[in-house]
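> Model the following, please.
(2 chains)
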Amino acid sequence: MSDITVFAADKFITMDPNMPEATHVAVRDGRVLAIGDAQCADAWGPVQHDDRLKGATVLPGLIEGHAHMMAGAIWRYAYVGYHDRIDPEGKLWPGLPDADAVVTGLKDYAKGLESDAPIVGWGFDPIFLTSERLSRDHLDQISPDRPIAIIFSNFHLMCVNSRALEMAGYDAGTNVEGVIMGQNGRPTGELQEMAAMFPIMRRLGIDFRGLSQTPEAIRAYAKVAQRAGVTTITDLFSSMEDEDVDVMLEVTSGDFPLRIVPVLGAMGDPATIADKAERLAKRSTDKLRMGAVKLMTDGSIQGWTARVRWPGYIGGQPNGMWNTAPEAIYALCAEMQARGIQMHIHVNGDEAAEVSLDAIEAALSAHPGQGHRHVLQHCQMMDRDLYERAAELGCCTNIFSNHIWYFGDQHVALTLGEDRAHRMDAARSALDAGVPIALHSDAPVTPLGPLFTAWCAVNRRTMSGRVLGAVQCLTVPEALYAITMGAAFTLKLDSEIGSISVGKRADFAVLGDDPTGVDPMALKDISVLGTVSGGTVHLL
Amino acid sequence: MSLPLTVIGGYLGAGKTTLINRLLAEDHGLQLLIMVNDFGAINVDASLIEAAGDDMIALSNGCVCCTMGADLFLAIGDVLDRDLRPDHLVIEASGIADPAAIARVAIAEPDLVYGGVVTVVDALEYDRLSNDPQIGAQVRGQVDVADVVVVSKTDGGAWPEALGVAAVPLAEIDVVGPLVCGMTPAQVPEGLATHPSYVRWHGTMRGAVERSDLIARLEARPVGLFRMKGFVSAPQGRVWEVHCVGRQVTVKEGSGPLGLVGIGLSGRVKRSQLDNWWRGFDL
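Modelled structure (predicted):
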């Protein structure tokens, strides 16, 4: 049998300008051997033809540059968010628009559980609610006997029922900041921040660690990715103890359909973190790429915890908070730059972006060197001047385009106002400044789906249907490039993936329609039929 | 008995590790578990070390110091799930963290009890840092939530003018254990009780007391008595477990030998004040 497989498709869109389209791609040893027509690989010897992709449009495997592994295993809990969402098994979970819908939805869900099993929900976001706040009284309608906890989409809040409050010992006599009390003097069920949520999580066995380091979590992540056409994905703030790496290496070996790029969370002593990143890099395999680090700087804009430049938040809220002190950001940047370690730096607010660029500039002065490709992540408030500086410093930016649709209206009304909301997630400014870009979902914060993310960057529609900052819209080809080659570049993998080019991994996204042929507003509706990873076909 | 949790806060370089190194080395008779951010800065006399690994050291005085790993709250859960819990859990907050956001878990979680927030301030740097446009608010916040503020680097008479609250110079305290962890009636060595840095007080009560009455009286205690713990008779033969640190008063059902002990810093509270307050209370 031949070791060359020639795949036929309706169209391969290669993202390689030398051969932008083709009808056939030949694969050998998991890599692209030839591109062209049915005879493209004949010079290499006998071939076998594979028609499983026939009728499909094939893109390079899509690349998600900013997501979190819990996007897979979080589905062990019941989804109760506002928007429709599809789980790793392909089941549609319809959006629940108000508290009553959450009650009805979870009553149905409870029918499949044992009578005393806890119910844990996730994805609820009160920012979309116009009705009253979710409370214990709603959740008691689902069941007064079994404990129920609804984790909000930001993971900083939850709402629990009376049984769960009782298990934690929360009652009218409780005086704990974060345990919200109602006018009747008893807890409403809403719990804010980890300290108040901890007694519930402990008693209900809610374990965020188990959402990312177990074999099941890693496999669930791969399923979510496959449904989105993604063949390479990050886990952008990983703890990665030695035993975690053992598990990841084991699970990702063989025909695993996903390349994972876990990025080490950088909190603490810079030299210790750099040592660990270097050790991890040495254990990398094709499907598991380690060695980069992630810095946290500020919080989130919709949580009013991002660090924002003058004039701050329109509601007059205090100016956010640092999760890493500016001087610690400087120290981390200096160490990582000196050691040649790539950084991904979380920056939501523009002050956080500015401080991070200052720190990179200082690090580059002290430790000159090219090709570092440090990546600013989220970049939600960066404007032209910050993108120009990013270009000067050789940085990349990975832009949180999904925010435009999910939170754009809220940013206009509640956080930044009309004017600055127009330049949020300013992908056009980035390209004009010459900064390499990727676009991301931050899954599970918003759903994984690079085609949807590209749709956001192209159309800049909000949930209310308006266009937010039309001048920042990308073209479809620009957005498709960003979710393939652009993202590959930010991960320093552009020599291996990101386009269908001879020598690169045979990683493909198999689509039901041609994204360059449909109305740009239909980009998000294109069906994903599956992926090809290293030449192995994984259709849904 | 619930596990007491004390959080040590303070900005980068304030002297948190100095305080922890002293706490580890002291002969306080408590089996402490101390979770730190930066294990490399821990420095104790080699003769005290019984066992050492990449992320923990165990000392001959029963103390263990370890890194907290990726998730602080999971680490706290792991400690609570152990068969043998330490006498006291001490957590070093990161330099930019709000120590109260961590300490609050001890008020929320029934198996923990609030042991207070000790914030360390650098005498030479605090005035600058607390007015810094980028981090001033968070640095001031660490002081605002403290039950005890300790000032480091006061040699040469340095003192942070911007502090605005009562604070203790670290150099003037000869043992830090009572300040950070308090002491339990059973375990405190007699020598420590008469230590010059501290005023020690103890009291007993004959009759049973309602919870609300007890709390009201405890809240009225002289402010210089910054730590108090013990057991008090409750109606129907039950027993109240009492923990007071700074402004926080915790009273819950428990069991143990009746009696309360408290400590304050010498020069900040007098025995006579304490006895006067208690006399009105001794039913």
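
> what does chain A have sitting close to chain B?
A:168-170, A:175-179, A:193-196, A:198-199, A:201-202, A:207-209, A:239, A:241, A:265, A:267-269, A:272, A:307, A:318-319, A:321-328, A:351, A:355 (C-beta under 8 Å from any C-beta of the partner chain). For every residue, glycine as well, the C-beta is placed using N, CA and C.

> May I see the ChimeraX selection of the buried members of the residues you listed?
Selection of buried members from the residues of chain A next to chain B for ChimeraX, criterion 16 or more other C-beta atoms under 10 Å in any protein chain shown:
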select /A:168,170,176,178,179,193,194,195,196,198,199,201,202,208,209,239,265,267,268,269,307,319,321,322,323,324,325,326,327,328,351,355
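
> Counting only helices, which of the residues of chain A next to chain B make the cut?
Within these, residues falling in helices by DSSP state H are A:168, A:193-196, A:198-199, A:201-202, A:272, A:326-328, A:351, A:355.

> quick one: contacts for the residue in chain A that chain B sits nearest to?
Chain B sits closest to A:S239 of chain A, with a gap of 3.1 Å, by C-beta to the nearest C-beta. With contacts defined as C-beta atoms under 8 Å, 6 or more residues apart in numbering or on different chains, A:S239 is in contact with A:209, A:213, A:264-265, B:69-71.

> Pull the most distant pair out of the residues you listed.
A:R209 and A:L264 (15.6 Å; C-beta to C-beta).

> Could you list the low-confidence segments of the chain?
No chain in the question, so chain A it is. A:1 (pLDDT under 70).

> ah, I was thinking of chain B
Chain B contains residues with pLDDT under 70 at B:183-196, B:281-283.

> Using the three-state scheme, assign the residue in it that chain A sits nearest to.
Residue nearest to chain A within chain B: B:A70 (3.1 Å; C-beta to the nearest C-beta). State at B:A70, reduced to three classes by DSSP: H, G, I helix; E, B strand; the rest coil: coil.

> Just give the closest residue to it, not the sequence neighbours.
A:S239 (3.1 Å; C-beta to C-beta, 6 or more residues apart in numbering or on different chains).

> With A:M194 instead?
B:F73 (5.1 Å).

> Now do the contacts for the one you found.
Taking C-beta under 8 Å, 6+ apart, we find B:F73 in contact with A:194, A:198, A:201, B:105.

> what about A:F256, how many neighbours?
21 (other C-beta atoms under 10 Å in any protein chain shown).

> where's it relative to A:H538, distance?
Distance, A:F256 to A:H538, by C-beta to C-beta, to the nearest Å: 10 Å.

> Which residues are in contact with each of these two?
Joint contacts of A:F256 and A:H538 (C-beta under 8 Å, 6+ apart) do not exist.

> Looking at the record's assignment, how would you partition the chain?
You didn't say which chain, so I picked chain A. Domain assignment for chain A by automatic domain parsing gives A:70-208, A:212-533.

> My question was about chain B, not that one.
B:3-174, B:190-279.

> now, of these, which is deepest in the fold?
Compared across these, domain B:3-174 shows the largest average neighbour count, a mean of 19 (mean count of other C-beta atoms under 10 Å in any protein chain shown).

> Distance from the chain centre to that one, please.
The chain centroid and the centroid of domain B:3-174 are separated by 9 Å under C-alpha atoms, centre = their mean, to the nearest Å.

> Please apply the same query to stretch A:38-51.
With C-alpha atoms, centre = their mean, you get 37 Å for stretch A:38-51.

> list the buried ones in it?
By 16+ other C-beta under 10 Å, the buried positions in stretch A:38-51 come out as A:40-41, A:47, A:50.

> The residue lying closest to A:V160 once chain neighbours are set aside and B:A137: what is the separation?
Spatial nearest neighbour of A:V160, chain neighbours left out: A:A149 (4.7 Å); criterion: C-beta to C-beta, 6+ apart. From A:A149 across to B:A137, the span is 32 Å (C-beta to C-beta).
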